[in-house]
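[1] Here is the input, now give the coordinates:
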Amino acid sequence: MAVLFVSSFVFTVDAYGSIAQTVASTVCCALVALLIAHVLNHRFGRSLFLVMLAVIGLSVRIGWIMLNPAPPSSDFLFLYEAAREAASGNFGFANSAYFTSFPYQLGFTMYEAAIIRVFGDSLVALKVLGAIFNMGTAVILYFTGARLFNETCGRIASCFYAFYLPNIIMCSVLTNQHLSIFLFFLGCSLLLKRRGALLSWLWAGLAIGVGQLIRPIGVVYIIGIVLFAMLEVWKKLREGRRRKAWRQAGMLLAMIGIYAAIQGGANASLQHAGVTNHALSDGDKYWKFMVGLNADANGGWNKEDAQYANSFAFGEERHKAELKRIKERLEDKTQIAALMGRKLALMWGSGDSSAYWSLDGTGRSQLERSLSMAERPQYVVFCGFALFALLALWRAGMYRGPLLYILLLLIYAGVHLAIEIQTRYRLDLLPAIMLLVGYGVWQTYGSIRKAASSFGEATKNTTGGVEA
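    Here you go, the predicted model:
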């Protein structure tokens, strides 16, 4: 988290061209965050808070969608066009080079096709549903934060997530992230709500399994949950509670079973229906690793690798060619170490690309720049509060619940040291950061109140002594 804070600050200085302006904007954002915490700390009812959060958050998103009717582009356009074909019963697109290389995109394509079948060929319907799922994640964060920490922390985390600029801006983009993030964090929330109940683990497996069909990063959550659960099992064994330890292990296996059954069922259904002959896990196995290890491109997408891969027929020939290039790039250990350091800083600290994706093709470059500049101090402040939260949790020894989200962040960041990076990919784990932000803001606000109270008492006692 220290890397996130330092790198985000450095990249913001670079964007603004001034340390003074960066410090000033960051301090202003931090003060606004603390003011919001002060308002949220006043205990107006839970129901009222959730209604206000949902209504205002969704209204802002729908307003942005209407004001920015950006057409889909790049992969988003390709998936949308494929969904339109699927909705009409034509699945020929599944044999295209794109879906042969990346069959895991079929899950989200089928989701969009189902929406088109129900609501008609409407971009607005798809975008509004994405906005609803995005706000659904904010609501999940509220309940998760309240359960892990306290009511105010939950409110802060959900509020900041709901009004973080990229989360609003990306609602005009047909990305699979809105739905997948909702499903993944719903699964984690269900798991933590009743860790001792088998049904909670089964529901969690279902949510994460469906999330994997939408966006193929479910393995990150499975690994994180396995590590989290095994730590719990180890603790119970050490305490002599063997029966509860084995029960915990059994529930973990049941969750993994549900997850695997969903993947197998989806593969069998798509193949039986004649949509594809490939499993969703098939495809170009080494592409993202080859790109991610390209030191000249800092692990990002580049034409050189794209042209190299496309010069080989898909299948074993391409896989061998990509694997050969990966091995070549791994030979220089010093270069790889330096690359991973740069990737960590770029992935988690450089400017967000949501404005680019949302306004691509609209010709509104000035608005794109303004939104990107406005996001920068927001992100720096969030990273700072998240870092403070980790220090506070370490000092307080509060590891049990937050540990799952910390593990997820570490695993996800570790995976991207090896594979392709894009700044929009960090949105996938943004809810985990926001949970830490909520706790960090609350701790900071509490410390300020305590210091102010102590100062007031000291001043009062001093004044009283003089008058006496």
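
[2] Which stretches in the stretch 301-450 of the chain count as strands?
    For the stretch 301-450 of the chain, applying DSSP state E, counting those that start in this stretch gives no strands.

[3] Helices of the stretch 351-468 of the chain, start to end?
    354-359, 365-396, 402-415, 430-467 (DSSP state H, counting those that start in this stretch).

[4] Out of these, which is the most enclosed?
    helix 354-359 (a mean of 23; mean count of other C-beta atoms under 10 Å). Yep, even glycine has a C-beta here, placed from its N, CA and C like the rest.

[5] tell me what it is packed against?
    Packing partners of helix 354-359 (3 or more C-beta pairs under 8 Å, 6 or more residues apart in numbering; DSSP states H and E): helix 165-169, helix 365-396.

[6] What lies in contact with the shortest one?
    Counting by C-beta atoms under 8 Å, 6 or more residues apart in numbering, the neighbours of helix 165-169 from elsewhere in the structure are 60-61, 64, 134, 161, 352, 354-355, 358, 371, 374-375, 378, 424, 427, 430.

[7] Quick one: work out the angle between whichever helix or strand Phe133 is part of and helix 402-415.
    Assessed by DSSP states H and E, Phe133 sits inside helix 123-148. If you take axes from the mean of the first three to the mean of the last three C-alpha atoms, to 10 degrees, helix 123-148 sits at 130 degrees to helix 402-415.

[8] Which SSE is immediately downstream of helix 123-148?
    Once the chain leaves helix 123-148, the next helix or strand it forms, by DSSP H and E, is helix 151-162.

[9] Rounded mean pLDDT for that next one, please.
    For helix 151-162, mean pLDDT is 94.

[10] Same question for stretch 271-278.
    Averaged over stretch 271-278, pLDDT sits at 84.

[11] Quick check: buried residues in it?
    By 16 or more other C-beta atoms under 10 Å, the buried positions in stretch 271-278 come out as Val275, Thr276, His278.

[12] Just put those residues in JSON lines and tack on distance to Tyr439 and secondary structure.
    Below are the buried residues of stretch 271-278 laid out as JSON lines (distance: C-beta to C-beta, whole Å; DSSP: H, G, I helix; E, B strand; the rest coil):
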{"residue": "Val275", "distance to Tyr439": "45", "secondary structure": "coil"}
{"residue": "Thr276", "distance to Tyr439": "44", "secondary structure": "coil"}
{"residue": "His278", "distance to Tyr439": "43", "secondary structure": "coil"}
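
[13] ok, now which ones touch Ala82?
    The neighbours of Ala82, taking C-beta under 8 Å, 6+ apart as the test, are Phe93, Ala94, Phe99, Thr109.

[14] Filter these down to the buried ones.
    Buried members of the contacts of Ala82, counted by 16+ other C-beta under 10 Å: Phe93, Ala94, Phe99, Thr109.

[15] Now go through the residues you listed and say which are in helices.
    Counting by DSSP state H, these place Phe99, Thr109 in helices.

[16] Quick one: low-confidence residue ranges for the protein.
    43, 399, 455-468 (pLDDT under 70).

[17] now the helix or strand hosting Leu186 and helix 123-148, what's the angle there?
    According to DSSP H and E, Leu186 maps onto helix 177-193. Orientation check (the same axes, to 10 degrees): helix 177-193 against helix 123-148 gives 20 degrees.

[18] how far away is Tyr164 from Thr144?
    Applying C-beta to C-beta, to the nearest Å, the value for Tyr164 to Thr144 is 16 Å.

[19] nope, Ser453 is what I meant
    In this structure, Ser453 and Thr144 are 30 Å apart, going by C-beta to C-beta.

[20] related to what we said a few turns ago, any idea which of the buried residues of stretch 271-278 is the one closest to Ala260?
    Looking at the buried residues of stretch 271-278 and their distance to Ala260, the nearest is His278, at 18.0 Å (C-beta to C-beta).

[21] Is the closest one in contact with Ser96, as I believe?
    No. With contacts counted by C-beta atoms under 8 Å, His278 stays clear of Ser96, the gap being 11.8 Å.

[22] Could you report the neighbour count for the nearest residue to Leu186 once chain neighbours are set aside?
    Computed as C-beta to C-beta, 6 or more residues apart in numbering, the closest residue to Leu186 that is not its neighbour in sequence is Ala207, at 4.7 Å. Here the number of neighbours of Ala207 (other C-beta atoms under 10 Å) works out to 25.

[23] Also Gly363?
    Neighbour count for Gly363, taken as other C-beta under 10 Å: 9.

[24] who touches it in this structure?
    So Gly363 contacts nothing (C-beta under 8 Å, 6+ apart).

[25] Could you list the residues in contact with stretch 197-206?
    Taking C-beta under 8 Å, 6+ apart as the rule, stretch 197-206 contacts 187-188, 190-191, 193-194, 225, 251-252, 254-259, 262.

[26] on that earlier part again, for the helices and strands packed on helix 354-359, could you give me JSON lines that also reports distance to Ala113?
    What follows is the helices and strands packed on helix 354-359, written out as JSON lines (distance: least, C-beta to C-beta, whole Å):
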{"stretch": "helix 165-169", "distance to Ala113": "25"}
{"stretch": "helix 365-396", "distance to Ala113": "30"}
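
[27] quick one, which of those is nearest to Ala54?
    Closest to Ala54 of the helices and strands packed on helix 354-359 is helix 165-169 (C-beta to C-beta; 14.0 Å).

[28] Now find how far off-centre that closest one is within its chain.
    Distance of helix 165-169 from the chain centroid (C-alpha atoms, centre = their mean, to the nearest Å) equals 13 Å.

[29] how about the CA coordinates for it, as CSV?
    Extracted in CSV, the C-alpha atoms of helix 165-169 (Å, rounded to 0.1, in the frame of the first residue of the first chain):
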residue,chain,number,x,y,z
LEU,A,165,-15.1,9.4,-10.5
PRO,A,166,-14.0,6.3,-12.5
ASN,A,167,-16.8,4.2,-11.1
ILE,A,168,-19.3,6.8,-12.5
ILE,A,169,-17.5,7.4,-15.8
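
[30] Ala337 - how many residues pack around it?
    The burial count for Ala337: 9, using other C-beta under 10 Å.

[31] again, but for the one 10 residues further on
    Taking other C-beta under 10 Å as the criterion, the count of residues near Met347 is 24.

[32] Distance check, it against Ala306.
    Distance from Met347 to Ala306, counting by C-beta to C-beta: 20 Å.

[33] try Arg84
    25 Å.

[34] same check, this time on Ile169
    Distance, Ile169 to Ala306, using C-beta to C-beta: 27 Å.

[35] These two - which one has more neighbours?
    The residue with more neighbours, out of Ile169 and Ala306, is Ile169; 24 against 12, by other C-beta under 10 Å.

[36] Just to check, Gly351 is in contact with Arg426?
    No. Applying C-beta under 8 Å as the test, Gly351 and Arg426 come out as separate, 11.4 Å apart.
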